[in-house]
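K.L.:
Sequence plus the predicted model coming up.
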Amino acid sequence: MKKAIIYGVTGQDGSYLSDLLLSKQYTVYGVTRRSSSDNTSRITHLLNINNFNLIQGDITDTSSIYRLLNEVQPDEVYNLAAQSHVGTSFGQPQLTWCVTAQGCLNILEVIRSMGNRPRFYQASSSEMFGDQFSIRNNTSLNNLQSNQDPYQDEQTAFNPQSPYAIAKLAAHHATTLYRNSYDLFACSGILFNHESERRGERFVTRKISRYVANLYWATQRGRSIPKLKLGNLSAKRDWGHAEDYVEAMWRMLQQDTPSDYVIATGNTYSVEDYLKEAFKCIDTNEYMDYVEIDQSLIRPSEVPYLRGISKKAEKRLNWKASIGFKDLVSRMVQHDIQSSSKHEENYTTT
Ligand code: NAP
Ligand code: G4F
């Protein structure tokens, strides 16, 4: 029976990865930060399972990492912990650095000091590419047909556009350095955006799906609700479902040799496309009637376009995204409609 430690277990990916590893008979040690209010809503279904252990800790505290790894002697360590909101990172750059960059280095240093070294997964991000892309057929960004070139893959240059992306890139380089210099089995998954019914409520997809669900119920009750405040609608993202993506993380650590992989669907859609598709789920075409552009939500610097090519993962990990854009949007909206029916409208408009 394998043992895995998950940093970031209370987050979207941590909860799905726990589900996956428990289904494979792992014993899971999920690390959670002490909090004055409950932060375990995504893992309540796991709290009474024998093979699932919740441990208090923090990746900014190396002594607690050292103790936990040496006590548990895990086979695998997944670092999913981060201050993961790009917009927030502009307001809290130092905190983002301490958690998202330094936290990874702290874990690497502990693993390096161990006799039996666990395999290590680092949650790298497509945000590291920033404004960079690769191109085939001389297609330019201004002359783009949907789902054609450009793209990002393992060869594309990095040029981070936020404190979050800078911190992720530092952690990414540290992971490569420790793999090459100290022979650690350390992999980075360069994951493109992945969402789900468990997605944090301040990421744009969930913000929209929750608003649409609340609008649906308000309309049923003959009420109106305030407009949804959004920032940049033209940014394009490659959106997949988190359940597919945690499978890729696990597969990376089962290979004979460690490496880095781009994980993405290969398709790109704008925030406005997501908005349109979400409103379609409640048979509403006039989606802009419900939206207000809020300048304070426009970031000082933006990543305009992401579309990942996962050929390497397809070939070596036999991995491919199984849930497409329309399915993803529909699942999120339907889930939010069902869960908000129990409550009065409780929307986030900002
Ligand atoms: P998430 O929902 O925001 O989860 C982040 C997790 O990190 C939470 O469990 C959080 O705990 C924990 N955390 C924050 N600060 C910590 C600290 N100091 N010590 C220990 N834990 C801490 O993020 P996600 O969407 O699941 O993403 C997982 C990872 O993949 C993150 O590193 C993210 O940056 C990266 N990533 C995500 C995507 C995506 O599209 N989802 C794409 C590429 C990379 P609390 O619950 O207590 O806040
Ligand atoms: O949902 P978002 O906040 O995700 P973003 O910035 O792409 O970052 C996510 O994906 C990364 C992988 O590429 C992860 F590394 C990261 O941890 C996170 O999971 O924003 C998506 C787009 C952006 O262009 C943003 O400017 O939506 C735009 N947007 C427009 N209005 C908004 C809003 N984003 C948010 N969060 N809230 C808005 O009101």
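P.N.:
Here it is on my side, so go on. Ligands and ions are numbered 1, 2, ... in the order given.
K.L.:
hmm, the lengthiest helix in the chain in reach of ligand 2?
P.N.:
Using DSSP state H, we find that the single longest helix of the chain is helix 163-182. No: residues of helix 163-182 contacting ligand 2 under Cβ under 6 Å from any ligand atom: none, with a closest distance of 6.6 Å. C-betas here are computed from N, CA, C, even on glycine.
K.L.:
how far away is Lys236 from Ile293?
P.N.:
Per Cβ to Cβ, to the nearest Å, Lys236 is found 17 Å from Ile293.
K.L.:
cool, and Ala82?
P.N.:
Using Cβ to Cβ, Ala82 is found at 28 Å from Ile293.
K.L.:
Show me what from the chain comes close to ligand 2.
P.N.:
84, 86-87, 125-127, 192-193, 202-204, 207, 230-232, 235, 237, 271, 297, 299, 302, 306.
K.L.:
Among the residues you listed, which ones are in strands?
P.N.:
If you go by DSSP state E, the residues of the chain next to ligand 2 have 125, 230, 237 in strands.
K.L.:
For beta bridges, what are the partners of the last one?
P.N.:
So the one you mean is Arg237. Listed by DSSP bridges, the beta-bridge partners for Arg237 are Tyr269.
K.L.:
List the residues that contact it.
P.N.:
Counting by Cβ atoms under 8 Å, 6 or more residues apart in numbering, Arg237 touches 192-193, 268-271, 306.
K.L.:
Take these and write them to a markdown table, including distance to Ser15.
P.N.:
As requested, the contacts of Arg237 are exported to a markdown table (distance: Cβ to Cβ, whole Å):
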| residue | distance to Ser15 |
| --- | --- |
| Phe192 | 19 |
| Asn193 | 17 |
| Thr268 | 26 |
| Tyr269 | 25 |
| Ser270 | 28 |
| Val271 | 25 |
| Leu306 | 24 |
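K.L.:
Just say helix, strand or coil for Leu69.
P.N.:
Following DSSP: H, G, I helix; E, B strand; the rest coil, Leu69 is assigned to helix.
K.L.:
mind listing what's buried in the longest helix of the chain?
P.N.:
Neighbour-count burial for helix 163-182, counted by 16 or more other Cβ atoms under 10 Å, picks out 163-176, 178-179.
K.L.:
from those residues, which single one is nearest Ser41?
P.N.:
Nearest to Ser41, judged by Cβ to Cβ, of the buried residues of helix 163-182 is Tyr164 at 23.3 Å.
K.L.:
Settle this for me: the closest one is touching His85, isn't it.
P.N.:
Yes: counting by Cβ atoms under 8 Å, Tyr164 touches His85, with 7.4 Å between them.
K.L.:
Now list whatever residues contact both of the two.
P.N.:
By Cβ under 8 Å, 6+ apart, Tyr164 and His85 have no common neighbours.
K.L.:
neighbours of Gly26, just the number please.
P.N.:
If you look again at residue 26, you'll see it is Tyr, not Gly. By other Cβ atoms under 10 Å, the residues close to Tyr26 number 22.
K.L.:
and it, what does it touch?
P.N.:
Going by Cβ under 8 Å, 6+ apart, Tyr26 touches 1-4, 51.
K.L.:
Report the separation between Leu306 and Glu272.
P.N.:
Between Leu306 and Glu272 the distance is 15 Å, computed by Cβ to Cβ.
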